[in-house]
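Chemist: Sequence and predicted structure below; questions after.
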Amino acid sequence: MTVEVAKPRPEREETDESLRLERDATDRALAERRAIIEARSDAAVVQARERSDAVLSAAREEADQRSRESDRAAQAGRAVAEARTVEDVIVRGERAVADDNLRRERAEHARILSRLLPLEREKTDRHLLTERTRSDDAIAHRDDFLGMVSHDLRNLLSGIVLSAELLSEDASAEDKESQPAVAAKRIRRYAARMSRLINDLVDVASIESGQLATAAAGGDAFALIVDTVEMFQPAALERGITIEPVIAESSLPAHFDQERMFQVLSNLVMNAIKFTAPGGRISVRGERAGSELLVSVSDTGPGIPSDMLELVFERFWQVGKKDRRGLGLGLYICKSIVEAHGGSIWAESKVGEGSTFYFTIPGALGASDRRETAV
């Protein structure tokens, strides 16, 4: 039996052909797109590679440049080190020569000085000894001269004062206000002033030679202040000045030289009377300040400028240069006497209101000290 195979229909063939053509077209499009993408990727890779190569090349060039500069610096450093080494060798050599010369010069100078110094020292010692001897002789002659002059002047003053007292006694029997009585009073006043000047000059000489004598002993500052005020009361009243002691206690025992402290108080009170106008007031105070005795003399005089408060204690110095009322030795002597007792002295003042002079003396005795002394 024979089997017949049926032939494909034309429509199917057409469809297969159409599908094949579309597949080919799609394959070509994909191939084209793949080619474009690959081309673009290759270009990007090439560009990236070129940029990377450029960066690497610049970095390599910079590194090479630094290496070359480092090599040059190293070469320069080696050259400097070599030059410095050479210079150091030269300097060490020159320094060694200079040190050797300096050592020789020093040795020579030392040798010369070792010979000259004893000669110069001996010459200087002889000169100093001669000058010291001359100075001691001059001081001794001055002291002898002052001693003789003061002794003779005191003798003359004693005769003058005695004659004035006799004249005053004769005149008092007739008339105290007679011319002889007034003259006798004036003579005694001038004689007392001259005696004080002589004593001041002798004291200054003793102070300058370091021979100011003080003999501290137990005494009562209260009695000393009262005695001083009473002594100068007539002179103060004559000038219309009120003077009074201001003491809180009836006794102020302390260790001091009675005569020297009286001299200090007298100088301070005399200065206060001298510079206080009529109608003024002077106060002499005494009190204990711890273990010290504090004494002050206040006045209502013209006062002292603040820049002169330290100067008033200098020798021959006076506040009013045109108004010379003495030698300017009183406060200098006061300072020396107070310091010889271990105390201190100073002044406080306001121009137009008056001045206050203070001094302290160590060794004030309290109540317990007085009881122990009494026992």
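Modeler: Okay, I see it. Computed from a prediction, not measured in an experiment: that's the story for all the values here.
Chemist: so residue 161 touches residue 191, yeah?
Modeler: Yes: the pair residue 161 / residue 191 is scored as a contact, 4.8 Å apart, by CB atoms under 8 Å. (Each C-beta comes from the backbone N, C-alpha and C, glycine too.)
Chemist: what pLDDT does residue 284 get?
Modeler: What the model reports for residue 284 is a pLDDT of 96.
Chemist: And for the one 10 residues further on?
Modeler: At residue 294 the predicted local distance difference test score is 93.
Chemist: State the distance from it to residue 285.
Modeler: Here the distance between residue 294 and residue 285 works out to 8 Å (CB to CB, to the nearest Å).
Chemist: Can you give me the neighbour number for residue 285?
Modeler: As a burial measure, the neighbour count of residue 285 was computed by other CB atoms under 10 Å and equals 17.
Chemist: if I pick residue 244, what's in contact with it?
Modeler: Applying CB atoms under 8 Å, 6 or more residues apart in numbering, we find residue 244 in contact with 229, 281-284.
Chemist: What is the most widely separated pair among these?
Modeler: Across the contacts of residue 244, the longest distance by CB to CB is 12.4 Å; it joins 229 and 281.
Chemist: of the two, who's got more company?
Modeler: Using other CB under 10 Å as the criterion, residue 229 and residue 281 rank with residue 229 on top: 19 against 15.
Chemist: so what's residue 226 up against?
Modeler: Residues touching residue 226, when contacts are defined by CB under 8 Å, 6+ apart, comprise 245, 247.
Chemist: Using CSV, list the CA coordinates for stretch 301-320.
Modeler: Included here for stretch 301-320 are C-alpha records, laid out as CSV according to Å, rounded to 0.1, in the frame of the first residue of the first chain:
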residue,chain,number,x,y,z
GLY,A,301,55.5,127.5,115.6
PRO,A,302,55.7,128.0,111.8
GLY,A,303,56.4,124.3,111.2
ILE,A,304,59.0,122.6,109.0
PRO,A,305,58.6,121.6,105.3
SER,A,306,58.3,117.8,104.9
ASP,A,307,61.4,117.6,102.7
MET,A,308,63.5,119.1,105.5
LEU,A,309,62.4,116.9,108.4
GLU,A,310,65.4,114.6,107.9
LEU,A,311,67.9,117.4,107.3
VAL,A,312,67.2,119.2,110.6
PHE,A,313,69.3,116.6,112.5
GLU,A,314,72.4,117.2,110.3
ARG,A,315,75.4,119.1,111.7
PHE,A,316,75.3,122.9,111.1
TRP,A,317,72.0,122.7,109.3
GLN,A,318,69.2,125.2,110.0
VAL,A,319,65.7,125.5,108.6
GLY,A,320,66.0,129.2,108.0
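Chemist: pretty sure residue 266 is touching residue 229, no?
Modeler: No: Residue 266 sits out of contact with residue 229 when judged by CB under 8 Å, with a separation of 10.6 Å.
Chemist: What helix or strand is residue 282 located in?
Modeler: Assigned by DSSP states H and E, residue 282 falls within strand 281-289.
Chemist: Just name whatever secondary elements that strand is in contact with.
Modeler: In terms of contacts (3 or more CB pairs under 8 Å, 6 or more residues apart in numbering; DSSP states H and E), strand 281-289 is packed against helix 221-238, strand 242-247, helix 258-275, strand 292-299.
Chemist: Deepest in the core, which of these is it.
Modeler: Comparing the helices and strands packed on strand 281-289 by mean neighbour count (mean count of other CB atoms under 10 Å), strand 292-299 ranks first with a mean of 23.
Chemist: Show me what it is packed against.
Modeler: Counting contacts by 3+ CB pairs under 8 Å, 6+ apart, strand 292-299 packs against helix 221-238, helix 258-275, strand 281-289, strand 354-362.
Chemist: now it, how far from the centre of its chain.
Modeler: When distances are taken as CA atoms, centre = their mean, to the nearest Å, strand 292-299 is centred 29 Å away from the chain's centroid.
Chemist: Residue 62 should be in a strand, yeah?
Modeler: No: counting by DSSP: H, G, I helix; E, B strand; the rest coil, residue 62 falls outside a strand, being helix.
Chemist: so how far is residue 55 from it?
Modeler: Taking CB to CB as the measure, residue 62 and residue 55 are separated by 11 Å.
Chemist: what do you get for residue 210?
Modeler: 100 Å.
Chemist: of these two, who's got more company?
Modeler: Higher neighbour count among residue 210 and residue 55: residue 55, with 10 against 6, using other CB under 10 Å.
Chemist: Show the pLDDT at the more buried one.
Modeler: For residue 55, the model assigns a pLDDT of 73.
Chemist: Can you classify it by secondary structure?
Modeler: helix.
Chemist: What score does residue 252 have for pLDDT?
Modeler: With respect to pLDDT, residue 252 has a value of 85.
Chemist: Just give the number of residues close to it.
Modeler: A total of 22 residues lie near residue 252 under the criterion other CB under 10 Å.
Chemist: Contact partners for it?
Modeler: By CB under 8 Å, 6+ apart, the contact list for residue 252 reads 220-222, 225, 286-288, 293, 364.
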